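Colleague: Predicted coordinates and the sequence they were generated for:
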Amino acid sequence: MEREKFRMEADSMGEMRVPEKAYWGAETQRAVENFPISALRFPRRFLRALGMVKKASALANTELGLLRKELGEAISQAAQEVMEGKFDDQFVVDIFQTGSGTSTNMNADEVIANRANEILGARIGDKKPVHPNDHVNLGQSSNDVIPTCIHVAALEGMQSDLLPVLKTLQRGLEEKVREFDHIIKIGRTHLQDATPMRLGQEFSGYASMVRHGVERVEKAGKNLEELAIGGTAVGTGINTHPEFARLVVEKINEITGIKFREAENHFEAQGAKDAIVETSSALKSIAVSLMKIANDIRWLGSGPRCGIGEIILPEVQPGSSIMPGKMNPVIPEALCQVAAQVIGNDATIAIGGISGNFELNVMMPVMAHNLLQSISLLTNACFLFAQKCVRGLQANEERCQEMIERSLAMVTALSSRIGYDAAAKIAKEAYEGGKTIREIVIEKQVLPREELDLLLDPRRMTEPTMKP
């Protein structure tokens, strides 16, 4: 086996051995050795945003006359390649690292500098003519770059991936509202029989929950539009040009098509992470809604013979290694697990949001990881739920009708005519005698048959019935 070869590089602390073919340098290598904690790395969307910020910064600095044209062009090309994912394997620092994300910012600076030098015909590792700090990181700090990348990555992910999928799921549920509108079923409160409703009405609640989730994400996204870039170390903008932030934001907008804007207050943008906390909270709300919807569908489809069985879920795979023919609600179950993960991610982000001191939050890497993971998980799980579950749902009309007539809650329609106490007595007799409400009323001749049929019409019970 060929032994790995190394080159010697130095940072401000001294020399480090770096793998010979690596595009990263001494500071990245030091971080790799300092943080061997997990197998977690920044995801593709974040690395795209990181390359984007470095490209926009190089273009801005070149335009401002702070960076020689040939250097700016080489840095821009290298940063573009980072955006495109060509160097993802060179981002080797663990998520659990310095709380500002400095190690990952320097990972980007070193990779881009070495690639730019390669483009210019120089040798990797020499830090010339392009230097990672002096040129790639010009006018920047980890403290404004990392939060900028989180906002860009999150908002791109929500607009490109999550929101379209949520809207597809909403439309799928709305289609079931129309398809199931004619089907009368028994409602349930406290897990007990309640008054009749239409299956379409039940699904209209689910569709509305997803629609509200869309609105929450869109609202949270407005605050993600603010970017911290330009604040450098503590928000004052030291060592950067007064026009730098404006130009960087303009160039990010050109790339993404999103209307980002410079933070109204750079001290807030770097000292707090409230927009990330708010966005995660919106994602948590969606997760809570989705878990409710998925669990309801699991219960409504329970059976097939010994459960509720009012709907029939599409069969996607065998459900048991020991029970032949068994089919389980695996897609809703997967969605529930995703929801649990997103709720847990939000708890971590909330802790992260209160973990800054003075001018800097020091939990940004884990907040970035959790936020972007939540967006990705919800996107993928909602897509599968819409395509492999909701689309193929069927109503079991016969089962729905069977349980309507057997329900003791049918007596509710009589209480406005014969009084609450008399109706309760009929319900008790029906329960003890194993009979329906209709049978008891007919036996006791409480109401004329024609009036009884009108009052116990289940379709009539699905709308307001009191007349002025």
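Modeller: Alright, I've got the coordinates. Residues are numbered from 1 along each chain as shown.
Colleague: Tell me which helix or strand residue 416 sits in.
Modeller: Under DSSP states H and E, the secondary-structure element containing residue 416 is helix 412-418.
Colleague: Show me what that helix is in contact with.
Modeller: The set of residues that contact helix 412-418 without belonging to it, under Cβ atoms under 8 Å, 6 or more residues apart in numbering, is 195, 422-423, 426, 437, 441, 446-447, 451, 455-456, 460-461, 465-466. (C-beta placed from N, C-alpha, C; glycine too.)
Colleague: same thing but at 10 Å, please
Modeller: By Cβ atoms under 10 Å, 6 or more residues apart in numbering, the surrounding residues in contact with helix 412-418 are 194-196, 411, 420-427, 437, 441, 446-447, 451-452, 454-458, 460-461, 465-466.
Colleague: could you point out which element follows the strand or helix carrying residue 197?
Modeller: Taking DSSP H and E as the definition, residue 197 sits inside strand 192-198. On the C-terminal side of strand 192-198, the closest following helix or strand by DSSP H and E is helix 199-224.
Colleague: who are the neighbours in contact with the closest residue to residue 6 other than its chain neighbours?
Modeller: In space, residue 6 comes closest to residue 17 once its chain neighbours are excluded; the distance is 4.4 Å by Cβ to Cβ, 6 or more residues apart in numbering. Contacts for residue 17 (Cβ under 10 Å, 6+ apart) come out as 4, 5, 6, 7, 8, 9, 26, 29, 33.
Colleague: try it again with 8 Å
Modeller: Residues counted as contacts of residue 17 (Cβ under 8 Å, 6+ apart) are 6, 7, 8, 29.
Colleague: Please apply the same query to residue 101.
Modeller: Residues counted as contacts of residue 101 (Cβ under 8 Å, 6+ apart) are 142, 145, 146, 364, 365, 368.
Colleague: for residue 307, same thing?
Modeller: In this structure, residue 307 makes contact with 299, 301, judged by Cβ under 8 Å, 6+ apart.
Colleague: Each with direction, which strands does the helix or strand bottoming out on mean pLDDT in the chain pair with?
Modeller: Comparing helices and strands within the chain by mean pLDDT, DSSP states H and E singles out strand 356-357 as the least confident, with a mean of 86. Counting by DSSP bridges, the strands paired with strand 356-357 are strand 360-361 (antiparallel).
Colleague: For the residue nearest the centre of the chain, pull up the helix or strand it's in.
Modeller: Nearest to the geometric centre of the chain sits residue 375, at 2.7 Å (Cα atoms, centre = their mean). Residue 375 belongs to helix 364-388 when assigned by DSSP H and E.
Colleague: which strands and helices sit next to that helix?
Modeller: For helix 364-388, the contact count by 3 or more Cβ pairs under 8 Å, 6 or more residues apart in numbering; DSSP states H and E identifies helix 44-63, helix 142-157, helix 163-179, helix 274-300, helix 330-353 as packing neighbours.
Colleague: Distance of the residue nearest to residue 6 relative to residue 159?
Modeller: Applying Cβ to Cβ, to the nearest Å, one obtains 43 Å for the distance of residue 17 from residue 159.
Colleague: same question, residue 329
Modeller: Residue 329 sits at a distance of 31 Å from residue 159 (criterion: Cβ to Cβ).
Colleague: With neighbour numbers in mind, choose between those two.
Modeller: Legend: neighbour count by other Cβ atoms under 10 Å for residue 329 and residue 159, higher for residue 329 (22 against 17).
Colleague: ok, that one - contacts?
Modeller: With contacts defined as Cβ under 8 Å, 6+ apart, residue 329 is in contact with 297, 298, 301, 313, 389.
Colleague: likewise residue 376?
Modeller: When contacts are counted by Cβ under 8 Å, 6+ apart, residue 376 touches 43, 45, 157, 161.
Colleague: what about 7 Å?
Modeller: Residues in contact with residue 376, defined by Cβ atoms under 7 Å, 6 or more residues apart in numbering, are residue 157.
Colleague: before we move on, what about residue 280?
Modeller: Residues in contact with residue 280 (Cβ under 7 Å, 6+ apart) are 345, 346, 349, 371, 374.
Colleague: Neighbour-wise, which one of those leads?
Modeller: Among the contacts of residue 280, the one with the most neighbours (other Cβ under 10 Å) is residue 371, at 30 neighbours.
Colleague: My guess is that residue contacts residue 154. True?
Modeller: Yes - between residue 371 and residue 154 there is a contact at 5.5 Å, judged by Cβ atoms under 7 Å.
Colleague: Mutual contacts of these two, please.
Modeller: With contacts taken as Cβ under 7 Å, 6+ apart, residue 371 and residue 154 have residue 279 as neighbours in common.
Colleague: Neighbours of residue 360, how many?
Modeller: When neighbours are defined as other Cβ under 10 Å, residue 360 has 19 of them.
Colleague: Over to residue 252?
Modeller: By the measure other Cβ under 10 Å, the count of residues near residue 252 is 23.
Colleague: excluding its backbone neighbours, what's nearest it?
Modeller: The shortest distance from residue 252 to any residue that is not its chain neighbour, by Cβ to Cβ, 6+ apart, is 5.1 Å, and that residue is residue 56.
Colleague: Tell me if I'm right that residue 370 and residue 349 touch.
Modeller: Yes - applying Cβ under 7 Å as the test, residue 370 and residue 349 come out as touching, 5.3 Å apart.
Colleague: Between helix 330-353 and the helix holding residue 375, find me the angle.
Modeller: Orientation note: helix 364-388 sits at an angle of 160 degrees relative to helix 330-353 (axes from the mean of the first three to the mean of the last three Cα atoms, to 10 degrees).
Colleague: Go through helix 364-388 and flag the buried ones.
Modeller: The neighbour-count criterion (16 or more other Cβ atoms under 10 Å) identifies 364-372, 374-379, 381-388 as the buried residues of helix 364-388.
Colleague: Kindly report the same for stretch 226-240.
Modeller: Of the residues in stretch 226-240, those with enough neighbours to count as buried (16+ other Cβ under 10 Å) are 226, 227, 228, 229, 230, 231, 232, 233, 234, 235, 237, 240.
Colleague: Domain ranges for the protein, per the record?
Modeller: For the chain, whose domains are defined here by automatic domain parsing, the residue ranges read 22-138, 145-231+271-397, 407-458.
Colleague: which one of those domains is the most hemmed in?
Modeller: Looking across the domains of the chain with neighbours counted as mean count of other Cβ atoms under 10 Å, the highest average goes to domain 22-138: a mean of 21.
Colleague: Need the mean per-residue confidence for that one.
Modeller: The average pLDDT within domain 22-138 is 98.
Colleague: Look at it and report the distance between its end residues.
Modeller: Counting by Cα to Cα, to the nearest Å, you get 23 Å between the two ends of domain 22-138.
Colleague: same deal with stretch 402-413?
Modeller: Counting by Cα to Cα: the opening and closing residues of stretch 402-413 are 18 Å apart.
Colleague: does residue 19 have beta-bridge partners, and which?
Modeller: According to DSSP bridges, the partner residues bridging residue 19 are residue 6.
Colleague: shouldn't it be in contact with residue 4?
Modeller: Yes - assessed by Cβ under 7 Å, residue 19 is found in contact with residue 4 at 6.1 Å.
Colleague: For those two, indicate the residue with more neighbours.
Modeller: Neighbours around residue 19 and residue 4, counted as other Cβ under 10 Å, are more numerous at residue 19. The numbers are 14 against 9.
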